[in-house]
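Asker: Sharing a model prediction with you, sequence too.
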Amino acid sequence: MDFRISDELESMRKMAYEFAVKNIKPTMEEDEKEHRFRPEIVKKMGDQGMFACIAPEKYGGLALPEAHLAATLMTIEVARISPSYGLPFNLQMNGPQTVLLKYGTEEQREKYLPGLIAGTLKGCFAITEPNSGSDVASMRTTATEVDDGFILNGTKTWISGVPYVDVGIVYAMTDKAAKHKGMSAFIVDFKTPGITQRAIETKLGLYCAPTGEIFFEDVKIPKSALIGQKGQGFEICMYMLNFTRLSSAARAVGVAQSCIEEAVKYSNEREQFGQQIGKFQMIQEQIARMYVEHEAAKLLVLRAAWQKDQGINNTLETSVAKYYAAESANFCASEAVKIFGSYGFSSEYPVERFLRDAKSYQIVEGTSNIQKMIIAQFVLGYRKV
Ligand SMILES: Cc1cc2nc3c(=O)[nH]c(=O)nc-3n(C[C@H](O)[C@H](O)[C@H](O)COP(=O)(O)OP(=O)(O)OC[C@H]3O[C@@H](n4cnc5c(N)ncnc54)[C@H](O)[C@@H]3O)c2cc1C
């Protein structure tokens, strides 16, 4: 594999970083304190074509030949500035767009892709429920088929984008007894009567990224909302997670990079015992390990993106990248806090925020344990795809 990125990718990477510095950074610290999400930033990201990488031009996309590498590089750059604003890549693109492009009808694509790409329709994907996390097939939300549609009932929780969602991929059981074979996927317009969105205000981090609960009470959706076939929802969900995992891994890489940048700056500024702390061998050991962990994670993530662009089925490599990037981000953030001493414990510097935000990567899109489980299944030969 050639590790150089093309000039086009480099200019997209640079554009994303400059965009984040110009549009997110100026109000970021204030927004973090106020727990404020700015939907207009998502719209601006859409205007920049950040969610256009994978979809064909007829829907407003760019269908880039290196779509996943481009999206991954841009996600890293935005997350370097703000992990919270790394999330829309998943909510607008890697989640709903990959699903509609692979399993959706032409009508569904024409109706929803342009808005998701432009950032005018805020997207989400809703799997998790109060009693169903890692064990996706145990979900209790039901979609009962009637003559002219389906009736949704149930509760989703920890859904990114809520309470600002316009449209989302919702997973529900059409046949509970059939377990994972009884799950179906739907594209749901969140203006449909019976849907309530409520923000979760008790989060550890990601203060500028909304997360919340969705309540479905006798929500009547048309037959045309079904994605793929009835009972295909589990397959669709696993397919989607294979792309959303890559995006969360990219965010983790962005956070780790910022932790190193901040730690290096501080190590060269802070003096103790008459010299910069960066001159102490133990600080150097910390910086060296952070750097190596981050480089390894970055390469794994870029490899996974490159494989997707080549059309390679890479469930294993995506889980490896996601697991390693999540752990690396947490390691780098924790070391950065240590290097900053008491200032690392203060919200005056960004590293405490990075540590809080980085915890999310060990949980979302399948926890670190779930990634290890997938990896081990492949390595032990119990699973092939
Ligand atoms: C910030 C944030 C954003 C999120 N956004 C979304 C979203 O947009 N859409 C969505 O659907 N969900 C979202 N989630 C939910 C997330 O996907 C789930 O939290 C995650 O899948 C884990 O589920 P759980 O929290 O119920 O934990 P559980 O599944 O209850 O797990 C609890 C613990 O048990 C471990 N565990 C579980 N099963 C096994 C096993 N088989 N082997 C070993 N260990 C195991 C886990 O690793 C974990 O440590 C989000 C969560 C967060 C924190």
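Answerer: Arrived safely, thanks for sending.
Asker: list the buried ones in stretch 272-279?
Answerer: I277, G278 (16 or more other Cβ atoms under 10 Å). From N, CA and C alone the C-beta is placed, and that goes for glycine too.
Asker: actually stretch 289-304, not the one I wrote
Answerer: Buried residues in stretch 289-304 (16+ other Cβ under 10 Å): M290, Y291, E293, H294, A297, K298, L300, V301, L302, R303, A304.
Asker: Name the SS class of the residue nearest to P39 when sequence neighbours are not counted, please.
Answerer: Closest residue to P39 in three dimensions, ignoring its sequence neighbours and counting by Cβ to Cβ, 6 or more residues apart in numbering: Y164, at 5.8 Å. Three-state call for Y164 (DSSP: H, G, I helix; E, B strand; the rest coil): coil.
Asker: show me what contacts Q276?
Answerer: Neighbouring residues of Q276 by Cβ atoms under 8 Å, 6 or more residues apart in numbering: S267, N268, E269, R270.
Asker: That one pairs with what?
Answerer: Beta bridges link Q276 to E271, judged by DSSP bridges.
Asker: Against A263, how distant is it?
Answerer: 13 Å (Cβ to Cβ, to the nearest Å).
Asker: go on, Y171?
Answerer: In terms of Cβ to Cβ, Y171 sits 40 Å off from A263.
Asker: okay, whichever residue of the stretch 51-200 of the chain sits closest to the ligand: pLDDT?
Answerer: Residue of the stretch 51-200 of the chain nearest the ligand, by Cβ to the nearest ligand atom: G133 (1.8 Å). pLDDT recorded at G133 is 97.
Asker: what about it, neighbour count?
Answerer: Residues contacting G133 under the criterion other Cβ atoms under 10 Å number 17.
Asker: which residues sit in contact with G149?
Answerer: Applying Cβ under 8 Å, 6+ apart, the residues contacting G149 are K220, I221, P222, K223, A225.
Asker: was I right about A329 contacting K359?
Answerer: No - look at A329 against K359 with Cβ atoms under 8 Å: they stay out of range, at 9.1 Å.
Asker: Kindly report the residues of the stretch 201-350 of the chain close to the ligand.
Answerer: Contact residues (Cβ under 6 Å from any ligand atom) of the stretch 201-350 of the chain with the ligand: L206, T211.
Asker: what's the residue nearest in space to the middle of the chain in contact with, if anything?
Answerer: For the chain, the residue nearest the mean C-alpha position is S248 (3.8 Å; Cα atoms, centre = their mean). Residues counted as contacts of S248 (Cβ under 8 Å, 6+ apart) are N90, K322, A326, S360, Y361, V364, E365.
Asker: Over to H68?
Answerer: C53, I54, F243, L246, A305, W306, K308, D309.
Asker: next one: P193
Answerer: P193 touches V219, K220, counting by Cβ under 8 Å, 6+ apart.
Asker: could you redo the last one with a cut-off of 7 Å?
Answerer: Under the criterion of Cβ atoms under 7 Å, 6 or more residues apart in numbering, P193 has no neighbours.
Asker: where does the stretch 51-200 of the chain come near the ligand, residue by residue?
Answerer: C124, F125, A126, I127, T128, G133, S134, W158, I159, S160.
Asker: show me the contacts for the residue nearest to the third one when sequence neighbours are not counted.
Answerer: Nearest residue to A126 in three dimensions, chain neighbours excluded: K156, at 4.2 Å (Cβ to Cβ, 6+ apart). By Cβ under 7 Å, 6+ apart, the contact list for K156 reads A126, T128, E129, T141, E213, I214.
Asker: The last one - that's part of a strand, no?
Answerer: Pointing back at I214 there. Yes - assigned with three-state DSSP, I214 falls within a strand.
Asker: what about it, neighbour count?
Answerer: For I214, the count of nearby residues is 27 (other Cβ under 10 Å).
Asker: excluding its backbone neighbours, what's nearest it?
Answerer: Using Cβ to Cβ, 6+ apart, the closest residue to I214 is K156 (4.3 Å).
Asker: Which strand or helix spans that neighbour?
Answerer: strand 149-160 (DSSP states H and E).
Asker: Next, format the buried residues of stretch 289-304 as CSV and append secondary structure and distance to L62.
Answerer: Listed next are the buried residues of stretch 289-304 as CSV, based on DSSP: H, G, I helix; E, B strand; the rest coil; distance: Cβ to Cβ, whole Å:
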residue, secondary structure, distance to L62
M290, helix, 35
Y291, helix, 33
E293, helix, 33
H294, helix, 29
A297, helix, 27
K298, helix, 24
L300, helix, 26
V301, helix, 21
L302, helix, 20
R303, helix, 23
A304, helix, 21
